[in-house]
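# let me see the structure of the following:
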Amino acid sequence: MAVPRSDAMGREWLRSRAGVLAEPNFRRYYAGYVTSLLGSSMSTVAIAWAVLDSGAGATGLGYVFAAGVVPQVLVLPVAGASADRLGRRRVMLAADALRCAAQGALAVAVFTGPPALWVFVLLAGLGGTGEAFFTPALDALTVEIAPRGQLGNANALYGLASSATRIAGPALGGVLVALTGAAVVVAADAASYAVSVLALSLLSLPGRAPRQDREARRTLWRDMGAGWAEFRSRTWLWAVTVQFAFFNLITWAPWMLLGPVEGHAYLGGAAVWGVIMAVQGAGAITAGLLALGRRPRRPMVVATIGTFCYALPDLPMALHAPAVWVAAAAFCCGAGSATSGIFAGTAMQQQVPPDMLARVSSLSLFPAYGIGVIGYAIDGPLAAAFGPAAVFGAGAAYGLLSSAAVLTLRSVRELTWAGKDD
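You can find the predicted model right below:
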């Protein structure tokens, strides 16, 4: 019996866009990944609530958030080299086990009574350490569990999961905190990391090839040096890394830090700001869906065009525009950031040798954390001295000009899509 042409075309359309889910390894891992992301996005609300309930106040909450970022700045280069040296799944299993233990301990501490601030800070630091080891290993693991021709779709699905859980997680977490308390939500996050550990343990991966004697004797420091040599040999990669380091400092930090302040001051309060954040997530989801099955011939050109959108929310904020214009810019920002992340990440996975990928990924992330986090410390004083409009205006100007500068680079314009459909 012949298959109707429309059905065959429908199956081909689905295979070209979500065929990576037919791969058992990717499907198992993706289920654990989505569960873990949802748990983390829920617990962000619960942890903030628990810190404030403990009497630590906004300053204490800032210390807790910083404690989650600082370890990532300190250990990212070592984390990437460790993943390439020891195995990506092994490092990810250890990272998720650490995060599961940290969140489980925090749930117990919150349940038994208001913890001291140092408890929140310590456990946030352990969670941040796990994040530092997990993230570069994930970029490298993807090339092991997804066919080469499906890497773009795999990254698009990661982005869709991240965007969807960023919208649903805080809303669900807020409801659960109100109904059950913060400790239960933090415990659910710990359980979500356990699900990720289970998913990783179920992957069926080929054994690691034995390292040559000379290579096996090479120190971790030399592994890091080899990763640095690989990273700096690719102009398009280090140029984009430098762009994003200062992008986070000058363009993104004002939006994330001063945006809520201005939302409270003139946009209409928390409810309106929540809608704006949801609209930004909707933009990312829309772009992620549209990216499925796309294989642009010049992926870094498309990715760089997407980075122009990062600067757009700063423009209406600098002009003190109404909420509708801020929301429209936020939608474009979400769409552009998703597009940039999908195709820039895929380009790196295609161009960098697999055995170097975690190291190179960690080096691309390190400046973004190390320099970008400074924005959270200085934007408040700068806004007090020069006014929020000046800070947002500088952010918009840098965002647009830096993207234009990157687009002029030959190495960015000439990099082509590598890999065929599998």
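
# in what helix or strand does the residue nearest the centre of the chain lie?
Central residue of the chain (Cα atoms, centre = their mean): S162, 7.5 Å from the mean position. S162 belongs to helix 151-180 when elements are defined using DSSP states H and E.

# where do the domain boundaries of the protein fall?
Using automatic domain parsing, the domain ranges for the chain come out as 20-203, 224-422.

# can you list the ones you listed in JSON lines and add mean pLDDT?
Formatted as JSON lines, the domains of the chain follow (pLDDT from 0 to 100):
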{"stretch": "domain 20-203", "mean pLDDT": "90"}
{"stretch": "domain 224-422", "mean pLDDT": "89"}
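
# show me which residues of the helix or strand that I342 is a member of are buried.
Following DSSP H and E, one finds I342 within helix 323-351. Within helix 323-351, the residues that qualify as buried are 323, 326-351, counting by 16 or more other Cβ atoms under 10 Å. Where C-beta positions appear, they are placed from N, C-alpha and C, glycine not excepted.

# repeat for stretch 297-313
Applying 16+ other Cβ under 10 Å to stretch 297-313 flags 298-313 as buried.

# likewise stretch 184-194?
Here stretch 184-194 shows V185, V186, A187, A188, D189, A190, A191, S192, Y193, A194 as buried, counting by 16+ other Cβ under 10 Å.

# helices and strands around the helix holding S162, which ones?
With contacts defined as 3 or more Cβ pairs under 8 Å, 6 or more residues apart in numbering; DSSP states H and E, helix 151-180 has these neighbours: helix 5-18, helix 24-53, helix 117-145, helix 182-201, helix 270-291, helix 323-351.

# now do 6 Å
helix 24-53, helix 182-201, helix 270-291, helix 323-351 (3 or more Cβ pairs under 6 Å, 6 or more residues apart in numbering; DSSP states H and E).

# angle of it against helix 323-351?
Compare the direction of helix 151-180 with that of helix 323-351 by axes from the mean of the first three to the mean of the last three Cα atoms, to 10 degrees and you get 130 degrees.

# ok and helix 151-180 relative to helix 117-145, angle-wise?
Going by the same axes, to 10 degrees, helix 151-180 makes 150 degrees with helix 117-145.

# compute the inter-axis angle for helix 151-180 and helix 24-53.
40 degrees.

# got the angle for helix 151-180 vs helix 182-201?
Using the same axes, to 10 degrees: helix 151-180 against helix 182-201 is 150 degrees.

# mind listing what's buried along helix 151-180?
151-170, 172-174, 176-177.

# go ahead and measure how far it is from the middle of the chain.
On the basis of Cα atoms, centre = their mean, to the nearest Å, helix 151-180 sits 12 Å off its chain's mean C-alpha point.

# Provide the secondary structure category for R85.
Assigned with DSSP: H, G, I helix; E, B strand; the rest coil, R85 falls in the helix class.

# any idea which element the closest residue to it other than its chain neighbours lies in?
Excluding the flanking residues, the one nearest R85 by Cβ to Cβ, 6 or more residues apart in numbering is D223, at 5.5 Å. Here D223 sits within helix 220-232, counting by DSSP H and E.

# could I get the buried residue list for the next helix or strand after that helix?
Once the chain leaves helix 220-232, the next helix or strand it forms, by DSSP H and E, is helix 235-247. The neighbour-count check on helix 235-247 (16+ other Cβ under 10 Å) flags W236, L237, W238, A239, V240, T241, Q243, F244, A245, F246, F247 as buried.

# tell me the one among those nearest to G263.
Of all these, G263 sits closest to F247, with 21.7 Å by Cβ to Cβ.

# and that closest one, how close does it get to A344?
13 Å (Cβ to Cβ, to the nearest Å).

# just the helices in the stretch 301-422 of the chain please.
314-318, 323-351, 357-372, 374-386, 388-407, 410-414 (DSSP state H, counting those that start in this stretch).

# residues in contact with the closest residue in space to A31 that isn't next to it in sequence?
Residue nearest to A31 in three dimensions, not counting chain neighbours: A199, with 5.9 Å by Cβ to Cβ, 6+ apart. Shown in contact with A199 (Cβ atoms under 6 Å, 6 or more residues apart in numbering): R28, Y29, A31, G32.

# distance to A318 and neighbour count added to those residues, as TSV?
Output for the contacts of A199, formatted as TSV (distance: Cβ to Cβ, whole Å; neighbours: other Cβ atoms under 10 Å):
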residue	distance to A318	neighbour count
R28	46	18
Y29	42	25
A31	42	16
G32	41	22
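
# the helices of the stretch 301-422 of the chain: which one's closest to V20?
helix 323-351 (11.9 Å).

# and the closest one, what does it pack onto?
Checking 3+ Cβ pairs under 6 Å, 6+ apart, helix 323-351 ends up next to helix 151-180, helix 270-291, helix 299-307, helix 314-318.

# tell me which residues are up against the shortest one.
Translated: helix 314-318. The contact list for helix 314-318 (Cβ under 6 Å, 6+ apart) reads E262, W325, V326, A329, A389, F392, G393, G395, A396.

# wait, which of those is closest to G293?
A329 (27.6 Å).

# how far away is that closest one from P354?
Counting by Cβ to Cβ, the gap from A329 to P354 is 38 Å.

# returning to that earlier point: tabulate the buried residues of helix 235-247 (CSV), appending distance to L400.
Shown next, in CSV, are these (distance: Cβ to Cβ, whole Å):
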residue, distance to L400
W236, 19
L237, 22
W238, 21
A239, 16
V240, 16
T241, 19
Q243, 12
F244, 14
A245, 17
F246, 13
F247, 11
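
# pull the most distant pair out of those.
Farthest pair in the buried residues of helix 235-247, by Cβ to Cβ: W236 and F246, 16.9 Å.

# hmm, back to that, if we compare the helices of the stretch 301-422 of the chain, which one ends up closest to V73?
helix 357-372 (4.6 Å).

# got the buried residues for the closest one?
In helix 357-372, counting by 16+ other Cβ under 10 Å, buried: 357-372.

# can you show me the CA trace of it as CSV?
This file holds the C-alpha atoms of helix 357-372, laid out as CSV (Å, rounded to 0.1, in the frame of the first residue of the first chain):
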residue,chain,number,x,y,z
LEU,A,357,35.7,21.1,22.0
ALA,A,358,35.1,21.3,25.8
ARG,A,359,38.4,23.3,26.3
VAL,A,360,37.5,25.7,23.5
SER,A,361,34.0,26.1,24.7
SER,A,362,35.1,26.9,28.2
LEU,A,363,37.5,29.5,26.9
SER,A,364,34.7,31.2,24.9
LEU,A,365,32.6,31.3,28.1
PHE,A,366,35.2,32.4,30.5
PRO,A,367,35.5,36.1,29.5
ALA,A,368,31.7,36.4,29.3
TYR,A,369,31.4,35.5,33.0
GLY,A,370,34.6,37.1,34.1
ILE,A,371,34.1,40.5,32.5
GLY,A,372,30.3,40.6,32.2
